[in-house]
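Visitor: predicted model and sequence follow; I will ask about them next.
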Amino acid sequence: MDNEQGITVTDLVVKRDGYRALYNVNFHIGPGNLVGVVGPNGAGKSTMFDAVAGILPITRGQVELHGIKGKKGGLAYVPQRDNINLRFPATVYDVVMMGRYCHLGLFQRIGRKDREIVKTCLDRVGLWDRRDALIEENSGGQRQRVFIARALAQEASIIMLDEAFSGVDVGAQEGIIEVLQTLRDEGKVVMLATHDLTNLAERFDQIICINRHICAYGPPKEAFTPEVLEELYGSHGLVLAHTHADGETHIETHMPND
Amino acid sequence: MIDYIIGPFQYSFMQRALIVSVLVGFLLPMVGAYIITRGRAFMTDALAHSLVVPVAVAFLLGLTTYLIAVPGGVAIALLMGYLGRHTGISDDTSIGVVFAGMFALGLIILSVSADITPGRVPPIEDLLLGQILSVTRMDVIVSLILTVGVAVGIYLFHRHLVFTTFDPVGARVVGFKTSVVEYLLLALLALVIVIGLSAAGIVLVMAMLVIPSASAYLLARRFTGMILIGAAIGVVSAVTGLYLSYHADWPSGPAMALVATVIFGAATLHKRTFPVRSDE
């Protein structure tokens, strides 16, 4: 594990079509963290991911990805369902093998080492038995695990999942979180954007609350206060319970779209 | 029967036609697999029609067609890609504009060149419908060279093409230049269309690129299978079309396209009986 790994974002501003889609974004995530990124629709979660991943021009500020500069495939992106071309006939195995592509030179072919890595990665997410299934034949949860396996095959130290839980049932969500927690334990940085506010404290080490700027960042129980919830969702987010019975803060939320 | 099959090849024009047919049948569906999985079939048709311009210019100047068609075709393909990316109008609209404008310009040039050079009649029908039986030695040599070029391009950039087709965002994140890959594919497309022109003609070259790969899509589960089956169907269609062209005196483009369409029909029936994808 490289102790230098991690993400540092300083004074990030991203303009899109003339307006500030993101501003005043500052955070540092060290290795071995599973971070949830929450915020309403249009809050800039995907914009922030794209900026960190280096596929969107930054207007101001900087993004530093420690330990992966010049290292191929150091950052992996688990795409939203809509960004995948499901017309393309690829099996689970084929998709995970794509994780090896960035390590192969123009004249290199896929070798035994690549095939072994792909098998190991598929075993880790429990999908080796489904290797011959087409990607479109998988459930939402299975598909997310396929792309996590691709990130592993890519040997990424930073893994970003955009709207990882959309179209994924609660049971499968837990399966994904378990896999991500083992990756966190290995020292990887895992960032996951989600609409789903359930079990934030159990699922994530840190959460970033974002609504075009960072409203709060820290351990879920500290970051996710009623004030922050109000800032994120306005009066639409209804705080149902807020008790201190055991000395801890419990927050139940009710969202109109849930 | 044997004479029906082997007999024609005592003539050297048929030997040349066979070589070009096999190349066209093999190569066009191969590139077609990348094109149709990207949903860009219409691009092929537009590009083929636009090629009237360089072909007409070559005729006007009395030059070998390829001398102008190869660089001209690649230039038009890149222009289409650029317009789609940078003008803010939708892809199919920009393709439609270039398609119509270029085809009109090409036909005007051909018409004018007929007036300027009265002794020479522009081969408009052959150009539009293909005339595989009149391919020259030069056609064969240029087709072979272009085939090698396209094959090398696909061999080197197959993975880039696959990744950017399947997951353009993920591909950019790992550092693949999606725009460069897109332009490269367009250039390859232009080259195979130039090869296909003599066999299938401007109007139907799209058929040889799209229909065999569409049939293969119905029959194969994986992309590599799709490429191989598409190439096999393409060769069968092209060579059968060649026979029909020779024996029945049909224009080769429609003959090949018709065979490919019949195979597509059979593939559709087969897929309904034995689906290769669970959700269909």
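Guide: Perfect, I can see it now.
Visitor: per-residue pLDDT, B:Ile5?
Guide: According to the predicted model, the pLDDT of B:Ile5 comes to 78.
Visitor: what number of residues lie near the residue lying closest to B:Ser94 once chain neighbours are set aside?
Guide: Distances taken as Cβ to Cβ, 6 or more residues apart in numbering or on different chains place B:Leu83 nearest to B:Ser94, at 4.1 Å, with adjacent residues excluded. Where you see a C-beta, it was placed from the backbone N, CA and C, and this is true even at glycine. Residues contacting B:Leu83 under the criterion other Cβ atoms under 10 Å in any protein chain shown number 17.
Visitor: okay but B:Leu83 is in contact with B:Gly96, surely?
Guide: No: B:Leu83 is beyond contact range of B:Gly96, at 10.7 Å (criterion: Cβ atoms under 8 Å).
Visitor: show me the contacts for whichever residue of the stretch 1-150 of chain B sits closest to chain A.
Guide: Residue of the stretch 1-150 of chain B nearest chain A, by Cβ to the nearest Cβ: B:Thr37 (4.8 Å). Going by Cβ atoms under 8 Å, 6 or more residues apart in numbering or on different chains, B:Thr37 touches A:Asn85, A:Arg87, A:Phe88, A:Pro89, B:Thr165, B:Tyr217, B:Phe223, B:Met226.
Visitor: got the phi and psi for the nearest residue to the first one once chain neighbours are set aside?
Guide: By that I understand A:Asn85. Leaving aside its chain neighbours, A:Asn85 sits nearest to B:Phe166 (5.3 Å; criterion: Cβ to Cβ, 6+ apart). B:Phe166 has phi and psi values of phi -80, psi -40 when expressed as degrees, to the nearest 10.
Visitor: list the contacts for the residue nearest to the spatial centre of chain B?
Guide: Closest residue to the average C-alpha location of chain B: B:Ile193 at 3.6 Å, with Cα atoms, centre = their mean. By Cβ under 8 Å, 6+ apart, the contact list for B:Ile193 reads B:Thr44, B:Leu47, B:Ala48, B:Leu51, B:Gly73, B:Val205, B:Leu209.
Visitor: again, but for B:Leu129
Guide: Contacts of B:Leu129 by Cβ under 8 Å, 6+ apart are B:Gly201, B:Val203, B:Leu204, B:Pro251, B:Ser252, B:Gly253, B:Pro254.
Visitor: try 6 Å this time
Guide: If a contact means Cβ atoms under 6 Å, 6 or more residues apart in numbering or on different chains, then B:Leu129 has B:Gly201, B:Pro251, B:Gly253 as its contacts.
Visitor: does the first one lie in a helix or a strand, and which?
Guide: Read it as B:Gly201. Element membership for B:Gly201, per DSSP states H and E: helix B:178-219.
Visitor: how far does the next helix or strand after that helix sit from the chain's center?
Guide: Proceeding C-terminally, helix B:178-219 gives way to helix B:223-247 as the next helix or strand, assigned by DSSP H and E. Remark: helix B:223-247 is offset 13 Å from the chain centroid, using Cα atoms, centre = their mean, to the nearest Å.
Visitor: which residues are in contact with helix B:223-247?
Guide: Helix B:223-247 is contacted from outside by A:89, B:8, B:17, B:21-22, B:24-26, B:28-30, B:33, B:132, B:212-213, B:215-217, B:219-220, B:250, B:252, B:255-256, B:259-260, B:263, using Cβ under 6 Å, 6+ apart.
Visitor: with adjacent residues omitted, what lies nearest to B:Thr65?
Guide: Using Cβ to Cβ, 6+ apart and skipping the chain neighbours, the partner closest in space to B:Thr65 is B:Ala58 (4.7 Å).
Visitor: so that neighbour touches B:Ile68, yeah?
Guide: Yes: counting by Cβ atoms under 6 Å, B:Ile68 is a contact partner of B:Ala58 at 4.0 Å.
Visitor: go through stretch B:52-62 and flag the buried ones.
Guide: For stretch B:52-62, burial by neighbour count (16 or more other Cβ atoms under 10 Å in any protein chain shown) applies to B:Val52, B:Val53, B:Pro54, B:Val55, B:Ala56, B:Val57, B:Ala58, B:Phe59, B:Leu60.
Visitor: what's the distance between the third one and B:Ala75?
Guide: Same thing as B:Pro54. Distance of B:Pro54 to B:Ala75, given as Cβ to Cβ, to the nearest Å: 8 Å.
Visitor: which residues in the chain form helices?
Guide: Just going to use chain A. A:45-53, A:92-101, A:112-124, A:140-153, A:170-185, A:200-203, A:220-223, A:226-233 (DSSP state H).
Visitor: wait, chain B
Guide: Ranges of helices within chain B are B:2-6, B:12-37, B:41-50, B:52-61, B:65-86, B:91-116, B:124-129, B:137-166, B:168-173, B:178-219, B:223-247, B:252-273, based on DSSP H.
Visitor: what bits of the chain have low per-residue confidence?
Guide: Just going to use chain A. Low-confidence segments of chain A (pLDDT under 70): A:1-4, A:69-71, A:235-258.
Visitor: actually chain B
Guide: The model of chain B has pLDDT under 70 over residues B:278-280.
Visitor: spit out the contact partners of whichever residue of the stretch 151-258 of chain A sits closest to chain B.
Guide: In the stretch 151-258 of chain A, the residue that lies nearest chain B is A:Gln154 (6.7 Å; Cβ to the nearest Cβ). Applying Cβ under 6 Å, 6+ apart, we find A:Gln154 in contact with A:Gly73, A:Ala76, A:Gly99.
Visitor: gap between it and A:Ile148?
Guide: Separation of A:Gln154 from A:Ile148 (Cβ to Cβ): 11 Å.
Visitor: now B:Thr37
Guide: Here B:Thr37 is placed at a distance of 24 Å from A:Ile148 (Cβ to Cβ).
Visitor: also A:Pro79?
Guide: 12 Å.
Visitor: between these two, tell me which one has more neighbours.
Guide: A:Ile148 (26 against 22).
Visitor: quick one: neighbours of residue 211, just the number.
Guide: Unless you meant another one, I'm taking chain A. A:Asn211 has 18 neighbours, counted by other Cβ under 10 Å.
Visitor: switch to chain B, please.
Guide: 30.
Visitor: just checking, it touches B:Phe264?
Guide: Yes: the criterion here is Cβ under 6 Å, and B:Ile211 meets it with B:Phe264 at 5.2 Å.
Visitor: for the residue nearest to B:Val98 when sequence neighbours are not counted, grab the count of nearby residues.
Guide: Once flanking residues are discounted, B:Val98 sits nearest to B:Met80: 5.3 Å by Cβ to Cβ, 6+ apart. Here the count is done by other Cβ under 10 Å, and B:Met80 has 24 residues near it.
Visitor: ok, B:Met80 to A:Leu183 distance?
Guide: Distance of B:Met80 to A:Leu183, computed by Cβ to Cβ: 43 Å.
Visitor: and what of A:Ala76?
Guide: In terms of Cβ to Cβ, A:Ala76 sits 11 Å off from A:Leu183.
Visitor: between these two, which has more neighbouring residues?
Guide: The residue with more neighbours, out of A:Ala76 and A:Leu183, is A:Ala76; 27 against 20, by other Cβ under 10 Å.
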